[in-house]
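Q: need coordinates for the below:
(2 chains)
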2 protein chains.
Amino acid sequence: VAECYVGIDLGGTNIGWALVGQDKQIIRQDELKTEVAEGRDKVIGNIRTAVSRAIDGVNRGDIVGIGIGTPGPMSHKEGLIIKPGNLPCMENVHLRKIIRDEFNLPVTLENDANAAAFGEYWAGAGEGTKDLVMFTLGTGVGGGIIHDGKLVRGHFENGSELGHIIVKPGGRRCSCEQLGCLEAYSSASFMAERARELIAQGRQSSLAAFINPQDGAGIEAPHVVAAAQAGDPVATEVFNDACYYLAAACVTMQHCSNPQVIVLAGGMINAGEFLLSRIQQYFRSMTWRLMKDYPRIKFATLGDDAGVVGAAGCVWQAREANDW
Amino acid sequence: VAECYVGIDLGGTNIGWALVGQDKQIIRQDELKTEVAEGRDKVIGNIRTAVSRAIDGVNRGDIVGIGIGTPGPMSHKEGLIIKPGNLPCMENVHLRKIIRDEFNLPVTLENDANAAAFGEYWAGAGEGTKDLVMFTLGTGVGGGIIHDGKLVRGHFENGSELGHIIVKPGGRRCSCEQLGCLEAYSSASFMAERARELIAQGRQSSLAAFINPQDGAGIEAPHVVAAAQAGDPVATEVFNDACYYLAAACVTMQHCSNPQVIVLAGGMINAGEFLLSRIQQYFRSMTWRLMKDYPRIKFATLGDDAGVVGAAGCVWQAREANDW
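A: Next up, the predicted model:
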């Protein structure tokens, strides 16, 4: 092992860890339970265990540092977890200092969505570019912007929250309470909800078979995608809406940060070429012809490793920029 | 005079110039005609004259360099004017090299909208911040983004074109041919056009008096603002639309680059508090409550000097970043 970086992905259920080499490849990795219910000391102890496993047997001088991706809101500058919804026991924990003091190694803390975007930039679908935008399409919609090789965090350290850019003023209410957010149209939960709504309005759809008559639930995003592929009109309408508003968001980001690549990540990309080609087609029909500054829209390549690889990449970046 | 910077604002009609001191104040300034019709050599000669007047009598060693704001598309990296609509004779001119060779001083070339935004960041409404977004509300809508003290140019060097972010997918056709651009709703030309449309549809308005029966023209944006202030319903609807979509764009930029300040510039800000308070009010009603990462929305303070001061500021920035 020559120079290497530790990446930790702190989630509400699991703590992922990886040791990543200079070639950006994972040397070894695993995960352990976060054990949120056990409280703060237990969670911090589990993070320590994750780091210990990652660096076990490695020459201390070869370890550049430890990168930790954590749910927001958080502060990179202060190395502080502020108030994460799924980790209530970690509120106001100065995690950077705790881990730095424990291991006597440089530590950098990053928003987990930003870390994942940095992973794709550094070692995934965006390798070789300097300007990238990532949309993570899951239950919600996350985002990340890399400008000239650096993460866009912004003044309040809450930048790149691309799920909440407004794609339809006055439109559907988002989980954040804003109206017309991208997340309210292009997330997996939108697809499921919207299909239920249309069926409740009396529209005929093969998706009706999934509905549990007790609570009205049962339709999931993958059902919608499969039904759209089979030509179901309700599913097609919902799927097209999700792709259409995402394409509008891509045009908006084209004109904001003018990236070379827009990377799509998250569970929804399991829909594959059917999804990607629809988004690309809407994008081409919506963007201008004035200049040919078209970003390439493509899928992420790191899958579930984006978090730990990105956290490790943040170590590389922190050393480059001397920003610990 | 201690250290100083030359700022040139190359426009289709005039070439503005200024000598700016270390305190960011204009030491002297003036403008001369661009004389586009006389062709490329004449225009370049006029730029030379502007620079000569700016540095006349100044100790050569005190001049840090020359900044030139030019209409896009252009390349900062290559110091090249590409294909400016209002300066056809300057297509593919390597202006940076020409001026550098002539004066034997460092030269930096910047998109004129970006230069103006940099001016407000460096010496105007955004002084003291590191993250700023500017919307210039004129005939069209221009933009500029400063991220962590640096202009966002993007991979294709066409970033911060904020007039063309999509605020209403499938909406009004913009001059750029996209549907639903910010510029198609929040520009002076939208306000005039939309008022004409509503009157042509039979709506009663005091603005009808301005219409020239020959060509249907005659309504200008300031008429709409004045009529809205007087309570005219058509003018109020149009004015509110312009403010509403701009507020939506502000929310979008809040979640993208998360700036401390959003600066509004351009002719439309002559509408004063009436405009600003309406935009702020829509913004407050549209943004989330999840976090208090609200940018301050305020007016530009440099007025017509933003271009030359910003071009001079780009000299300061180029020296800081060693990016000539």
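
Q: now the phi/psi pair for residue A:309, please.
A: Main-chain dihedrals, residue A:309, degrees, to the nearest 10: phi -70, psi -40.

Q: ok, now residue A:173?
A: Phi and psi for residue A:173, reported as degrees, to the nearest 10, are phi -80, psi 130.

Q: with residue A:3 instead?
A: Dihedral angles for residue A:3 - degrees, to the nearest 10 - are phi -60, psi 140.

Q: who are the neighbours in contact with it?
A: Taking Cβ atoms under 8 Å, 6 or more residues apart in numbering or on different chains, we find residue A:3 in contact with A:21-22, A:62, A:64. C-beta here means a position set from N, CA and C on the backbone, and glycine is covered the same way.

Q: tell me the pLDDT at the residue of the stretch 201-324 of chain A at minimum distance from chain B?
A: Relative to chain B, the nearest point of the stretch 201-324 of chain A is residue A:258 (2.4 Å; Cβ to the nearest Cβ). With respect to pLDDT, residue A:258 scores 98.

Q: hey, what's residue A:80 bridged with?
A: For residue A:80, the beta-bridge partners are residue A:75 (DSSP bridges).

Q: list the contacts for it?
A: Residues in contact with residue A:80 (Cβ under 8 Å, 6+ apart) are A:74, A:92-96, A:109.

Q: so which of the contacts of residue A:3 wins on neighbours?
A: Within the contacts of residue A:3, most neighbours by other Cβ atoms under 10 Å in any protein chain shown means residue A:64, with 19 neighbours.

Q: and that one, backbone torsions?
A: Per degrees, to the nearest 10, the backbone of residue A:64 is at phi -70, psi -40.

Q: can you pull out the strands in chain A?
A: Applying DSSP state E to chain A gives strands spanning A:4-10, A:14-21, A:26-33, A:63-70, A:74-75, A:80-81, A:107-111, A:132-137, A:141-147, A:150-151, A:261-265, A:296-299.

Q: burial count for the residue of the stretch 101-250 of chain A found nearest chain B?
A: As assessed by Cβ to the nearest Cβ, chain B sits closest to residue A:154 within the stretch 101-250 of chain A, at 2.4 Å. When neighbours are counted by other Cβ under 10 Å, residue A:154 registers 26.

Q: ok, the one 5 residues further on next?
A: Applying the criterion other Cβ under 10 Å, we find 27 residues in the vicinity of residue A:159.

Q: got phi/psi on it?
A: Here is the backbone geometry of residue A:159 (degrees, to the nearest 10): phi -70, psi 170.

Q: shaky segments in chain A?
A: Along chain A, segments meeting pLDDT under 70 span A:1.

Q: what's the longest helix in it?
A: Longest helix in chain A, counting residues (DSSP state H): helix A:233-256.

Q: which other helices and strands contact it?
A: strand A:132-137, helix A:183-186, helix A:188-200, helix A:221-229, strand A:261-265, helix A:273-286, helix B:233-256 (3 or more Cβ pairs under 8 Å, 6 or more residues apart in numbering or on different chains; DSSP states H and E).

Q: quick check: buried residues in that helix?
A: By 16 or more other Cβ atoms under 10 Å in any protein chain shown, the buried positions in helix A:233-256 come out as A:234-239, A:241-256.

Q: same check on stretch A:203-217?
A: For stretch A:203-217, using 16+ other Cβ under 10 Å, the buried residues are A:205, A:207-208, A:210-211.

Q: same list (the residues you listed) but as TSV, adding distance to chain B.
A: Below are these laid out as TSV (distance: Cβ to the nearest Cβ, whole Å):
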residue	distance to chain B
A:205	24
A:207	25
A:208	29
A:210	29
A:211	29
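
Q: quick revisit: any idea of the angle the longest helix of chain A forms with strand A:141-147?
A: Taking axes from the mean of the first three to the mean of the last three Cα atoms, to 10 degrees, one finds helix A:233-256 and strand A:141-147 inclined to each other by 20 degrees.

Q: distance from helix A:233-256 to the middle of the chain?
A: 18 Å (Cα atoms, centre = their mean, to the nearest Å).

Q: over to stretch A:222-233?
A: Its chain's C-alpha centre and that of stretch A:222-233 lie 25 Å apart, by Cα atoms, centre = their mean.

Q: output it as PDB, restricted to C-alpha atoms.
A: As requested, the backbone C-alpha atoms of stretch A:222-233 are provided in PDB (Å, rounded to 0.1, in the frame of the first residue of the first chain):
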ATOM      1  CA  PRO A 222     -40.300   0.100 -10.200                       C
ATOM      2  CA  HIS A 223     -43.900  -1.000 -10.900                       C
ATOM      3  CA  VAL A 224     -44.500   2.300 -12.600                       C
ATOM      4  CA  VAL A 225     -41.400   1.900 -14.800                       C
ATOM      5  CA  ALA A 226     -42.300  -1.600 -15.700                       C
ATOM      6  CA  ALA A 227     -45.800  -0.700 -16.600                       C
ATOM      7  CA  ALA A 228     -44.600   2.300 -18.600                       C
ATOM      8  CA  GLN A 229     -42.300   0.000 -20.600                       C
ATOM      9  CA  ALA A 230     -45.300  -2.300 -21.200                       C
ATOM     10  CA  GLY A 231     -47.300   0.700 -22.600                       C
ATOM     11  CA  ASP A 232     -49.700   1.400 -19.700                       C
ATOM     12  CA  PRO A 233     -51.000   4.900 -20.300                       C
END
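
Q: what sits up against it?
A: Around stretch A:222-233, the neighbours that count as contacts under Cβ under 8 Å, 6+ apart are A:191-192, A:195, A:203-207, A:210, A:234-236, A:238-240, A:268, A:270-271, A:274-275.

Q: just checking, residue A:106 touches residue A:324?
A: Yes - Residue A:106 lies in contact with residue A:324 (Cβ atoms under 8 Å); the separation is 4.8 Å.

Q: leaving out chain neighbours, which residue sits closest to residue A:313?
A: Distances taken as Cβ to Cβ, 6 or more residues apart in numbering or on different chains place residue A:122 nearest to residue A:313, at 3.6 Å, with adjacent residues excluded.

Q: so what's the one you found up against?
A: Counting by Cβ under 8 Å, 6+ apart, residue A:122 touches A:24, A:309-310, A:313, A:316-317.

Q: swap the cut-off to 10 Å and go again
A: A:20, A:24, A:132, A:146, A:149, A:302, A:306, A:309-310, A:312-314, A:316-317 (Cβ atoms under 10 Å, 6 or more residues apart in numbering or on different chains).

Q: looking at those, which is nearest residue A:285?
A: Checking these against residue A:285 with Cβ to Cβ, the nearest one is residue A:132 at 23.2 Å.

Q: give the burial count for the closest one, as a bare number.
A: Count around residue A:132 with other Cβ under 10 Å applied: 27.

Q: what does residue A:134 give?
A: Using other Cβ under 10 Å, residue A:134 has 33 neighbouring residues.

Q: now do the contacts for it.
A: Neighbouring residues of residue A:134 by Cβ under 10 Å, 6+ apart: A:113-114, A:116-121, A:124-126, A:142-146, A:160, A:162, A:253, A:259, A:261-266, A:300, A:306, A:310.

Q: just residue A:46 next, same as before
A: Applying Cβ under 10 Å, 6+ apart, we find residue A:46 in contact with A:10, A:14-15, A:32-36, A:38.

Q: how about a cut-off of 7 Å?
A: A:15, A:32, A:34-35 (Cβ atoms under 7 Å, 6 or more residues apart in numbering or on different chains).

Q: any quick ChimeraX command for the buried ones out of those?
A: Only the buried entries of the contacts of residue A:46 go into this ChimeraX selection, using 16+ other Cβ under 10 Å:
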select /A:15,34
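
Q: now do stretch A:259-270: distance to the chain's middle.
A: From the chain centre to the centre of stretch A:259-270 is a distance of 9 Å (Cα atoms, centre = their mean).

Q: what does the residue of chain A most remote from its centre show for phi and psi?
A: Centroid-distance maximum for chain A: residue A:202 at 35.3 Å, with Cα atoms, centre = their mean. Backbone torsions for residue A:202, taken as degrees, to the nearest 10, come to phi 100, psi 0.
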